[in-house]
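**Q** take this sequence and fold it.
(one chain, ligands or ions: 2)
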Amino acid sequence: MKRTFRVSLAVLLTMTILSFSLPAQTKVGKGVSITWYGHSAFKIVTTKGKVILIDPWLDNPKAPSSARNIDRVDLILVTHGHFDHIGNTAELAQKFDATAVCNGDIAAYLTSKGVKKTAVLDYSGTYEVDNLKVIMVHADHGSSIDNNGQKLAGGNAAGFIIQCENGVTLYHAGDTGVFGDMKLIAELYKPDIVMIPIGGVYTMGPKEAAKACELLNPRLIIPMHYGTFPALTGSPVDLKSFLPAQLKGKVADILPGDTVN
Ligand code: NI
Ligand code: MN
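**A** Numbers count the residues shown, from 1 in each chain. Ligands and ions are numbered 1, 2, ... in the order given. Below you'll find the model as predicted:
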């Protein structure tokens, strides 16, 4: 009895030491990790270790240097054609042989830039790989592509629902105004974590984003698309001031480069 106890204790200690020495991002098979690279750019590492980039504009003025340390990418989700969202997609998709998930117009543009793998979706469409689901949802926003000064049609702007292998569900709203069907998104997909723009001018500001959060009722709110340029004045403090009491504590307090697990 005594010996068994000692062995288990040793195993337990080793496991504890190991789990403390591993950096957060390498916790494969446990939680989902979300790293913010500034503006609307995120890296999601799913429960099974799939690496997803969303709107990877890694040259944005607030991008941390760690944004250039990415060593694996499986999927790149592009919400719409504006340069601050397509960002470095063409370069990254080729470098990592990743699949770009986007609308047909953006897929055609990326293909013309040398991207080999694209998955075309439209609203309510699902892309599924190894029990991971990506669903394109509505966004109220424009979408044109700047091709070296020439404007190309960019299709409809979108948001994405990401259903991880363990059921954890994320919603990246892209660039959008607030719209009533966020209630429908909440009913259908029950997002645990939402990434929503709060900067104003081109998207929701704090007041509208607070209404969006009410409609979505998530467990965690990650504000984005603010502070990148002086014009994007909305702030998490402003967002909290408009949120109902039960949601105020759910706003993630993160800076570009930070990871939430
Ligand atoms: Ni935009
Ligand atoms: Mn934008």
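
**Q** which bits of the stretch 51-200 of the chain sit near ligand 2?
**A** Residues of the stretch 51-200 of the chain lying close to ligand 2 by Cβ under 5 Å from the ion are Asp84, Asp175. Every residue, glycine included, has its C-beta placed from N, CA and C.

**Q** what do you get if the cut-off is 6 Å, keeping everything else the same?
**A** The interface of the stretch 51-200 of the chain toward ligand 2, taken as Cβ under 6 Å from the ion, is made up of His82, Asp84, His85, Asp175.

**Q** restrict those residues to those near ligand 1?
**A** Filtering these for proximity to ligand 1 by Cβ under 6 Å from the ion leaves His82, His85, Asp175.

**Q** okay, now Asp146: neighbour count?
**A** Counted with other Cβ atoms under 10 Å, the neighbours of Asp146 add up to 13.

**Q** distance check, the nearest residue to it once chain neighbours are set aside against Lys133.
**A** Residue nearest to Asp146 in three dimensions, not counting chain neighbours: Phe83, with 5.2 Å by Cβ to Cβ, 6 or more residues apart in numbering. Look at Phe83 and Lys133: by Cβ to Cβ, to the nearest Å, they are 28 Å apart.

**Q** between those two, who's got more neighbours?
**A** More crowded of Phe83 and Lys133, by other Cβ under 10 Å: Lys133, with 15 against 11.

**Q** quick check: which element contains that one?
**A** Lys133 belongs to strand 132-138 when assigned by DSSP states H and E.

**Q** hmm, the helix or strand following that strand in reach of ligand 1?
**A** The helix or strand immediately downstream of strand 132-138 is strand 144-147, counting by DSSP H and E. No. Figure legend: strand 144-147 not in contact with ligand 1 (Cβ under 6 Å from the ion); closest approach 9.1 Å.

**Q** can you map out the strands along the stretch 101-250 of the chain?
**A** Applying DSSP state E, counting those that start in this stretch to the stretch 101-250 of the chain gives strands spanning 117-120, 126-129, 132-138, 144-147, 150-153, 158-163, 169-172, 193-197, 220-224.

**Q** in TSV: those strands, plus mean pLDDT.
**A** As requested, those are exported to TSV (pLDDT from 0 to 100):
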stretch	mean pLDDT
strand 117-120	98
strand 126-129	98
strand 132-138	98
strand 144-147	96
strand 150-153	95
strand 158-163	98
strand 169-172	98
strand 193-197	98
strand 220-224	98
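
**Q** what segments of this protein are helices?
**A** Using DSSP state H, the helices of the chain run over residues 2-21, 83-86, 89-96, 104-112, 182-189, 206-216, 236-242, 245-248.

**Q** residue of the stretch 101-250 of the chain nearest ligand 2, please.
**A** With Cβ to the ion, the shortest gap between the stretch 101-250 of the chain and ligand 2 falls at Asp175, namely 4.2 Å.

**Q** which residues does that residue contact?
**A** Shown in contact with Asp175 (Cβ atoms under 8 Å, 6 or more residues apart in numbering): Ser40, Thr79, His80, His82, His85, Ala139, His141, Ala157, Pro197, Tyr202, Thr203, His225.
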